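# Structure for the following, please:
(2 chains)
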Number of protein chains: 2
Amino acid sequence: MAPVVGKLAIIGQGLIGSSITRAVYERKLARETVITDGSAKVRKRLLELGLGEAKVVHSAREAAQDADLVIGCVPVRSLASVVAEIAPSLKPGAILSDVGSVKAGVVAECRPHVPAGVHFVPAHPLAGTEFSGPDAGLPRLFVNRWCILTPPQGVADPAVATLRAFWEGLGSRVEIMSPERHDRALAITSHVPHLAAFSIFHTGLAQEEKDRSPVMQFSAGAFKDFTRVASSNPEMWRDICLMNREAILETLRNFTADMEACARAIEAGDGETLETLFSVSRSTRRKVIEKEHISVQDDKSATELKDTLFRPYASDD
Amino acid sequence: MAPVVGKLAIIGQGLIGSSITRAVYERKLARETVITDGSAKVRKRLLELGLGEAKVVHSAREAAQDADLVIGCVPVRSLASVVAEIAPSLKPGAILSDVGSVKAGVVAECRPHVPAGVHFVPAHPLAGTEFSGPDAGLPRLFVNRWCILTPPQGVADPAVATLRAFWEGLGSRVEIMSPERHDRALAITSHVPHLAAFSIFHTGLAQEEKDRSPVMQFSAGAFKDFTRVASSNPEMWRDICLMNREAILETLRNFTADMEACARAIEAGDGETLETLFSVSRSTRRKVIEKEHISVQDDKSATELKDTLFRPYASDD
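Numbers count the residues shown, from 1 in each chain, chains lettered A, B, ... in the order given. Below is the predicted model:
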């Protein structure tokens, strides 16, 4: 089978960038891969690591030269400046993408810098670990994970199809939606849960201090992960909060109101309300599991199901 | 090696009870095991399952007869009535224990029913899955998990030592603390995080309804577990909320305040405060990992460390 991509450029070789580099090599998805990173220390480390057959170059502009697909794997707040930097070396027909956790604001910042004839198709692979840097990358990081594409209206279908094939080649399940819908979805499924994890951790530390008794070590099960989450990259989470401000604040307000309803029921000793609250979660979770089951077991049914559930991007707000 | 226990009685054969039954058989921790459950349907299922060599009997009182160790594996709100029921058949010198997620209130409810000469040593294994019932039990559920013992003041040391040996035999790491300290610790490490998970799930469902767009399926990583948690047993969580009311409400108040501080920083676009907030979590999490590492690698150091950090129960309020 021919590689999905001719020349691939990956700018930024942290956890996600270096995972793509490793996976592309294992799965032979590109004829040629050129990588770089803004940090000289990271570039030096890349040469030591020798990731597949990827060629390490000194600048983003050099990497992007003649590339068919350029993926910016840099913090969301740096993406626009990277796009501005590489714009002169992007060839007509090239696909430009990213891996950022926030879309609407970033897309708006980048678009003015994208040259005519270049297809801008932002992407967000829902995958990660709490580790960072080029040593942390894993070639199977994206297998069975969602990758959400948020092509702006008017972008050429074949460019979207190529990027979809690329991510499916990395083992991901691909979904397409608008940047705004993505940001609202991520606020509730990822950003606010992360903020809750950070806050639980802080509340726990304050309690340890007050009681002079270490307790966080007794986290078990899912809440071991909860504290694991609290050790994610601080700069990345700062930027996510600042770039997805509106959706996060709205979701936080709703979440706080739901928590307060819960507190009121506990305060009132209202067992019936509490049980109802907890039962709804359980029954709905079952439905979610069933849906996932379908989407893994039977791709056709899953697509049909999704077609009835998702409004396509074109008809969006 | 001789079994830790002569005759063991396990009352209640849900997830935890049937896991103990399976583990005790695999690890030969008791000379004889007698099990029962309040539900006739469950008792019938136990006979079909044939858990090890455990003998299934019809009543709690029959199970407790002549037992050296009796473990009540029933919902926290039912424990006192089970203790009252079996009291007449408990032999002098027997150890009575439980596996409940809440301690202070339950201990206070049960103590008046415990006959003189019976050693009451409540326990809480920090282990579980989102499944329930006798089919859900796993023989390795307690391996490398904490089990917290909360012996009331005045209970005989050898009884505590026997129960410790029993749980260590099941593969657990055992910690001893007061019921009150346990309840405060669990409020922050388990109860409030669970309430946060339930609430996130509710907030997400409301958003799906409003946007007519399913998004919860895009939960990834730790927050897949987050939604998994939301499908835990509703009755159990209702009872935990009602029985650990004060500690949960205090922790909820602190948690909500921490979340609001976070929201204010986002609203103000205060990146510096956010980064500090997220950095503290990361550095402290590292310390927690190091501590755990010590306690696994080197039991002596861990014990010394804990001795300096934990106030012993005797001096506890």
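
# Would you map the helices across the stretch 201-317 of chain A?
For the stretch 201-317 of chain A, helices defined by DSSP state H, counting those that start in this stretch occupy the ranges A:222-229, A:234-243, A:245-267, A:271-297, A:299-309.

# my bad, should have said the stretch 1-150 of chain A
A:15-27, A:40-49, A:60-64, A:79-86, A:104-110.

# export those to CSV and tack on mean pLDDT and mean neighbour count?
No exception for glycine: its C-beta is placed from N, CA and C like everyone else's. Output for the helices of the stretch 1-150 of chain A, formatted as CSV (pLDDT from 0 to 100; neighbours: other Cβ atoms under 10 Å in any protein chain shown):
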stretch, mean pLDDT, mean neighbour count
helix A:15-27, 96, 23
helix A:40-49, 96, 14
helix A:60-64, 98, 21
helix A:79-86, 98, 21
helix A:104-110, 93, 20
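
# Check the gap between A:Arg43 and chain B for me.
Relative to chain B, A:Arg43 is positioned 25 Å away (Cβ to the nearest Cβ, to the nearest Å).

# Make sure that residue is actually in contact with A:Asp37.
Yes: assessed by Cβ atoms under 8 Å, A:Arg43 is found in contact with A:Asp37 at 5.4 Å.

# Which of the helices of the stretch 201-317 of chain A has the lowest mean pLDDT?
With a mean of 31, helix A:299-309 has the lowest mean pLDDT of the helices of the stretch 201-317 of chain A.

# Now for A:Met243: which residues touch it?
By Cβ atoms under 8 Å, 6 or more residues apart in numbering or on different chains, the residues touching A:Met243 are A:76-77, A:102, A:105-106.

# I'd like those residues written out as TSV, with distance to chain B added.
TSV is the format used below for the contacts of A:Met243 (distance: Cβ to the nearest Cβ, whole Å):
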residue	distance to chain B
A:Val76	13
A:Arg77	9
A:Val102	13
A:Gly105	12
A:Val106	16
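
# Is there a neighbour count for A:Ile71? I'd like the number.
A:Ile71 has 26 neighbours, counted by other Cβ atoms under 10 Å in any protein chain shown.

# Redo the helices of the stretch 1-150 of chain A as CSV? Include distance to B:Glu48.
Below are the helices of the stretch 1-150 of chain A laid out as CSV (distance: least, Cβ to Cβ, whole Å):
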stretch, distance to B:Glu48
helix A:15-27, 47
helix A:40-49, 56
helix A:60-64, 64
helix A:79-86, 60
helix A:104-110, 56
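
# now for those, which one comes closest to B:Leu8?
Checking the helices of the stretch 1-150 of chain A against B:Leu8 by Cβ to Cβ gives helix A:15-27 as the closest, at 48.6 Å.

# is that closest one up against chain B anywhere?
No: Helix A:15-27 does not reach chain B (Cβ under 8 Å from any Cβ of the partner chain); its nearest approach is 12.4 Å.

# now stretch A:78-89
No: judged by Cβ under 8 Å from any Cβ, stretch A:78-89 and chain B are separated, with a smallest distance of 13.8 Å.

# residues in contact with the nearest residue to A:Leu138 once chain neighbours are set aside?
Nearest residue to A:Leu138, sequence neighbours excluded (Cβ to Cβ, 6 or more residues apart in numbering or on different chains): A:Ser19, at 5.3 Å. Neighbour list for A:Ser19: A:127, A:137-139, A:141-142 [criterion: Cβ under 8 Å, 6+ apart].

# for A:Ser59, same thing?
Residues near A:Ser59 by Cβ under 8 Å, 6+ apart: A:36, A:85.

# For it, report the pLDDT, please.
pLDDT for A:Ser59: 97.

# any idea how far it lies from A:Gly12?
12 Å (Cβ to Cβ, to the nearest Å).

# tell me, what's touching the two both at once?
A:Thr36.

# so what are the domain limits for chain A?
Annotated domains of chain A cover A:5-177, A:181-311 [automatic domain parsing].

# Dump those to a markdown table, plus distance to B:Ala185.
Listed next are those as a markdown table, based on distance: least, Cβ to Cβ, whole Å:
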| stretch | distance to B:Ala185 |
| --- | --- |
| domain A:5-177 | 24 |
| domain A:181-311 | 4 |
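
# Distance-wise, check A:Thr203 relative to B:Arg61.
Taken as Cβ to Cβ, the span from A:Thr203 to B:Arg61 is 44 Å.

# what does A:Glu26 give?
63 Å.

# Over to A:Ala30?
Applying Cβ to Cβ to A:Ala30 and B:Arg61 gives a distance of 72 Å.

# what does A:Ser97 give?
Counting by Cβ to Cβ - A:Ser97 and B:Arg61 are separated by 69 Å.

# picking that back up, would you mind checking which of the contacts of A:Ser19 is nearest to chain B?
The nearest member of those to chain B, counting by Cβ to the nearest Cβ, is A:Ala127 at 6.6 Å.

# thinking the closest one is in contact with A:Arg140, fair?
No: here A:Ala127 lies out of contact with A:Arg140, judged by Cβ under 8 Å, at a distance of 9.7 Å.

# which one of those two has more residues nearby?
Set A:Ala127 next to A:Arg140 and count neighbours by other Cβ under 10 Å: A:Ala127 wins out with 23 against 15.

# residue contacts, the closest residue to A:Glu109 other than its chain neighbours?
Sequence neighbours aside, A:Ala80 is the residue nearest to A:Glu109 in space, at 4.0 Å (criterion: Cβ to Cβ, 6+ apart). With contact taken as Cβ under 8 Å, 6+ apart, A:Ala80 is in contact with A:106, A:109-110, A:113.

# List only buried entries from the contacts of A:Ser19.
A:127, A:137, A:139, A:141-142 (16 or more other Cβ atoms under 10 Å in any protein chain shown).

# Show me what from the stretch 51-200 of chain A comes close to chain B.
So the stretch 51-200 of chain A meets chain B at A:126-128, A:145-146, A:148, A:175, A:181, A:184-186, A:188-190, A:192-193, A:195-200 (Cβ under 8 Å from any Cβ).

# Before I go, just wanted to say thanks for your time.
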